[in-house]
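Asks: Generate a structure from the sequence data that follows.
(one chain, ligands or ions: 2)
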Amino acid sequence: MPTLLVIDDNPAVATALDVLFSLDGYATLSAQTPEAGLALLEREPIDLVVQDMNFSADTTSGDEGRALFAEIRRRHPDLPVVLLTAWTHLENAVDLVKAGAADYLAKPWDDGKLRATVRNLLELSETRAELARRVAGERRQRSALARQYDLRGFVFADPATERVVALACQVARSELPVLVTGPNGAGKECIATIIQANSAVRAGPYVTLNCGAMPADLIEAELFGAEAGAYTGAAKAREGKFEAADGGTLFLDEIGNLPLAGQMKLLRVLETGRFERLGSNRERQVKVRVISATNADLPAMIRAGQFREDLYYRLNAIELRLPPLAERPGDILPLALSFLPTGKLLGEDAQAALRRHAWPGNVRELRNTIQRAALLSTGAQIGVADLGLPGAAAGAARAETDPEPDRTAIEQAIARAGGVLAQAAAELGMSRQALYRRLDKLGIART
Ligand SMILES: Nc1ncnc2c1ncn2[C@@H]1O[C@H](COP(=O)(O)OP(=O)(O)OP(=O)(O)O)[C@@H](O)[C@H]1O
Ligand SMILES: [Mg+2]
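Replies: Numbering: from 1, shown residues only. Ligands and ions are numbered 1, 2, ... in the order given. This is a model prediction of the structure:
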């Protein structure tokens, strides 16, 4: 049950509010002087304060209320405070709301309005506390991951990415094959290196083969090796990737490009560890951890008869799905900053434009965009024009007339940005100054 504290020199006010708030199931404590109020705040868990502005019969300046409010703010930066003030002194209260008071009402107050105000503020601070708990939890988890595992310099801040990284670390130690899926340039290869770096065979070889980068008829020879004369151009016997990766990890990139014949052989190695070089009958045995990656829709390829279903189930004993960058917006700025050469800065307009862009080429596109902009920008600061994003300038102009983000959107952006207002502003597509103005207007503390 939320507990409210009423600080007013007139005991009749506290009595009236006690009755009013009990309708909503709140408990009310009361104090008749600022000192008694502050003392109660130290002793009791209080969720919201309703305070008067004048405490001595002969004062109407509001100075006492102002001092009390300042002291409450200093001790409890997030506690919602509602000011009750004579209607003749409303402008004082308006100033205090700008300074972070939650809200104000003129005396005599309207019961319905006061109840609604209190209810909203309590709900809001509950959401805020919930968000803060979540953000703190996520941050703790992220640093725990970084302490416990070698993340290979992988940059991330979005909870969606964190889930993938956590899972990658968790499955790294097992021997099961892992399939990493996700769109172009999303960081699938990075995830594969994280798995390798944290696996039981991290000291072993790490061999990679990009099945999309070579003609289909050469892939098998690459994978399994070949005896001399096994195919045109095979002058000497050669070792395949499976042999090279024995005791370690084999990363098969763009696995969707492996031809059906190769798929069958791959299935056999995965099941038995056994294979033969092309043109040889001698069976070889290896122990290899296989990580594969694809941006293809393998289930669709299975339906089209282009990919073996049994191989699919073998490869994706564990599937790690890396979402497109647009679906993990919390990563955009941290990544952009990580790609920024030293001595360069990202202007606020540029940050907002990065945040707005859809990133069809994902992290690779972001990296290229930042590197190009760093070369093109003349000063230390990269501006929106340097980014060369299609429609970025138009987007910036449009943002001026966009409806302003509401309280929830702002609170969540701040929470996602871990309280870094510049980052929250960029995420909301507004300048930092605009965010400050908005925070003041909504009475959200600039923590
Ligand atoms: N979270 C990240 N932190 C730092 N760099 C990253 C991150 N994600 C991706 N990169 C960088 O972005 C580029 C693309 O990443 P990567 O090659 O891993 O993507 P991919 O999903 O394998 O792409 P493709 O589908 O084209 O093979 C690389 O230069 C990589 O180092
Ligand atoms: Mg790749």
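
Asks: Shouldn't Phe307 be within a strand?
Replies: No - counting by DSSP: H, G, I helix; E, B strand; the rest coil, Phe307 is not part of a strand but coil.

Asks: so does the longest helix belonging to the chain get close to ligand 1?
Replies: If you go by DSSP state H, the chain has its longest helix at helix 111-148. No - using CB under 6 Å from any ligand atom, helix 111-148 never reaches ligand 1; the gap is at least 12.5 Å. (Glycine included, C-beta is placed from N, CA and C.)

Asks: Tell me the buried residues in that helix?
Replies: Within helix 111-148, the residues that count as buried by 16 or more other CB atoms under 10 Å are 114-115, 117-118, 121-122, 124-125, 128, 131-132, 135, 138, 142, 145.

Asks: The helix or strand that it is followed by: which residues count as buried?
Replies: Remark: after helix 111-148, the chain's next helix or strand is helix 159-172, criterion DSSP states H and E. Neighbour-count burial for helix 159-172 flags 159, 161-165, 167-169, 171-172 (criterion: 16+ other CB under 10 Å).

Asks: Dump these to a markdown table, plus distance to Arg277 and pLDDT.
Replies: Formatted as a markdown table, the buried residues of helix 159-172 follow (distance: CB to CB, whole Å; pLDDT from 0 to 100):
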| residue | distance to Arg277 | pLDDT |
| --- | --- | --- |
| Pro159 | 46 | 90 |
| Thr161 | 40 | 95 |
| Glu162 | 43 | 93 |
| Arg163 | 41 | 93 |
| Val164 | 36 | 96 |
| Val165 | 37 | 96 |
| Leu167 | 35 | 95 |
| Ala168 | 32 | 97 |
| Cys169 | 35 | 96 |
| Val171 | 31 | 95 |
| Ala172 | 30 | 96 |
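
Asks: Compute the number of surrounding residues for Gly419.
Replies: Counted with other CB atoms under 10 Å, the neighbours of Gly419 add up to 15.

Asks: Where does it fall, secondary structure wise?
Replies: Using DSSP H and E, Gly419 falls outside every helix and strand.

Asks: Can you pull the residues of the stretch 201-350 of the chain lying near ligand 1?
Replies: Checking the stretch 201-350 of the chain against ligand 1 by CB under 6 Å from any ligand atom, the hits are 295, 335.

Asks: Point out where the protein drops to low pLDDT.
Replies: 88, 99-101, 391-404, 447 (pLDDT under 70).

Asks: Repeat the analysis, applying 50 as the threshold.
Replies: 394-402 (pLDDT under 50).

Asks: how close does the residue in the stretch 301-447 of the chain that ligand 1 sits nearest to sit to Ile370?
Replies: Closest to ligand 1 within the stretch 301-447 of the chain is Val363: 3.5 Å, counting by CB to the nearest ligand atom. The gap separating Val363 from Ile370 is 11 Å, by CB to CB, to the nearest Å.

Asks: Over to Cys190?
Replies: Relative to Ile370, and taking CB to CB, Cys190 is found at 17 Å.

Asks: Just want the residue of this structure that's nearest ligand 1.
Replies: Counting by CB to the nearest ligand atom, the chain gets nearest to ligand 1 through Gly187 (2.8 Å).

Asks: If we ignore the residues flanking it in sequence, what's nearest that residue?
Replies: Nearest residue to Gly187 in three dimensions, chain neighbours excluded: Val363, at 5.2 Å (CB to CB, 6 or more residues apart in numbering).

Asks: Enumerate every residue touching the one you found.
Replies: Residues in contact with Val363 (CB atoms under 8 Å, 6 or more residues apart in numbering) are 185-187, 325, 331, 335.

Asks: Contact partners for the nearest residue to Pro334 once chain neighbours are set aside?
Replies: With sequence-adjacent residues excluded and distances taken as CB to CB, 6+ apart, Pro334 is closest to Ala157, at 4.6 Å. Residues near Ala157 by CB under 8 Å, 6+ apart: 142, 330-331, 333-334, 418.

Asks: Of those residues, which is the most crowded?
Replies: The contacts of Ala157, ranked by neighbours (other CB under 10 Å): first place Asp331, 24 neighbours.

Asks: and the nearest residue to that one once chain neighbours are set aside, how many neighbours?
Replies: Excluding the flanking residues, the one nearest Asp331 by CB to CB, 6+ apart is Asp158, at 4.6 Å. Residues lying near Asp158 (other CB under 10 Å) number 20.

Asks: which residues in this structure form strands?
Replies: In the chain, strands defined by DSSP state E lie at 3-7, 27-31, 48-52, 81-86, 103-107, 178-181, 206-210, 249-253, 274-276, 283-285, 289-294, 318-321, 345-346, 381-382, listed in chain order.

Asks: Now render those as CSV, adding mean neighbour count.
Replies: Output for those, formatted as CSV (neighbours: other CB atoms under 10 Å):
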stretch, mean neighbour count
strand 3-7, 23
strand 27-31, 18
strand 48-52, 24
strand 81-86, 22
strand 103-107, 18
strand 178-181, 25
strand 206-210, 19
strand 249-253, 24
strand 274-276, 16
strand 283-285, 13
strand 289-294, 26
strand 318-321, 17
strand 345-346, 20
strand 381-382, 19
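
Asks: about what we covered before: tell me the phi and psi of the residue nearest to Pro334?
Replies: phi -140, psi -20 (degrees, to the nearest 10).

Asks: roughly how far apart are the closest residue to Leu167 other than its chain neighbours and Leu270?
Replies: Closest residue to Leu167 apart from its sequence neighbours, by CB to CB, 6+ apart: Leu320 at 5.9 Å. Between Leu320 and Leu270 the computed distance is 17 Å (CB to CB).

Asks: ok, Gly248 - contacts?
Replies: So Gly248 contacts 201, 204-207, 288-289 (CB under 8 Å, 6+ apart).

Asks: now Arg238
Replies: 221, 225-226.

Asks: Considering those residues, which possesses the most neighbours?
Replies: Gly225 (24 neighbours).

Asks: who touches that residue in this structure?
Replies: 237-240, 242-243, 277-278.
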